[in-house]
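In: Fold the stuff below for me.
(4 chains)
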There are 2 protein chains.
Amino acid sequence: MTQIDEAASVLKLLADPTRLTILKLIEKEPCCVCEFVEIFSISQPAISQHVRKLKDIGIVTEERRGQWVFFHLNKDHPTYPFVQSILQQLPDQSYKLDAIEEAGKRLSCE
Amino acid sequence: MTQIDEAASVLKLLADPTRLTILKLIEKEPCCVCEFVEIFSISQPAISQHVRKLKDIGIVTEERRGQWVFFHLNKDHPTYPFVQSILQQLPDQSYKLDAIEEAGKRLSCE
DNA sequence: ATTATATATAAGCATATTATTATATACTTA
DNA sequence: TAAGTATATAATAATATGCTTATATATAAT
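Out: This next block holds a predicted model:
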């Protein structure tokens, strides 16, 4: 496994609009699945599967708070500097959280 | 098409070890297909197909020199700064060209 | 305990990706 | 012009990806 292979693996994880948005959101603050479910127009299992891929390499960690699970960007992960350098170039996505809040759809986890 | 979608598309193109190495090589100097064929252990059509994907979005341009086609990294492309910021973090791959040269396999295009 | 809510996993399916082989095209040179 | 070299395209096959629905698990609340 060369550095190129490792970089390609990380890029593959980032190369999806849903996962990229998730990462960009939790870069700012931890979020829970129920928020992602409201934001994206895909099913809850689809969200879980995207998040699992991010957890599998360790760039995302989970923290359970009661029945909710919050996801954090793992700043201690070896690939974090690389990931961060990419995220940093993308526009903030928090407006998506604001939008569901205004629509009264920000669920009880908040 | 949001900025996130566009970024994801570009990342998808980079998310392959062959394409990533090609980009890293031509970042330094234009290369021709015959060199890639020696470097990678995949068929010539497979190389052509990888290169075509890069040409399709325009981040790579081609220049014919006789029977050879050389590929350049297009520094004027809108996504170049983004791509460059990623490539810049990867280790130089020129040793692969050196290796085929020493092995006497650097073909006539040189 | 039972029920409700939040999340994860499993199975299945459609589509995308990446390779291969066969063949076509472009250019060079004898 | 015929033959050789370099590259591109087409057809096809294997595998990967990302979604869905159904179901399981974990916690909370009645």
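In: contacts, neighbours, all on C-alpha from now
Out: OK.
In: what's the pLDDT at the residue in chain A that DNA strand D sits nearest to?
Out: Using CA to the nearest atom of the strand, A:Gly66 is the residue of chain A that sits closest to DNA strand D, at 3.1 Å. On pLDDT, A:Gly66 comes in at 92.
In: Same check on the one 3 residues further on?
Out: Among the per-residue scores, A:Val69 shows a pLDDT of 96.
In: ok, the residue sitting nearest the centre point of chain A to A:Asp76 distance?
Out: Central residue of chain A (CA atoms, centre = their mean): A:Ile22, 2.8 Å from the mean position. To A:Asp76, A:Ile22 is 18 Å away according to CA to CA, to the nearest Å.
In: Does A:Arg64 belong to a helix, a strand or coil?
Out: strand (DSSP: H, G, I helix; E, B strand; the rest coil).
In: The residue of chain A closest to DNA strand D - how many residues pack around it?
Out: 7 (other CA atoms under 10 Å in any protein chain shown).
In: Chain A against chain B: which residues are in contact?
Out: For chain A, the residues in contact with chain B (CA under 8 Å from any CA of the partner chain) are A:3-5, A:7-12, A:14-17, A:20-21, A:82, A:85-86, A:89-91.
In: Considering only the residues you listed, which also neighbour DNA strand C?
Out: Among the residues of chain A next to chain B, proximity to DNA strand C is found for none (CA under 7 Å from any atom of the strand).
In: Can I get the buried part of these as one PyMOL selection?
Out: In PyMOL syntax, the buried subset of those is picked out as below (16 or more other CA atoms under 10 Å in any protein chain shown):
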select buried, chain A and resi 4+5+7+8+9+10+11+12+14+15+16+17+20+21+82+86
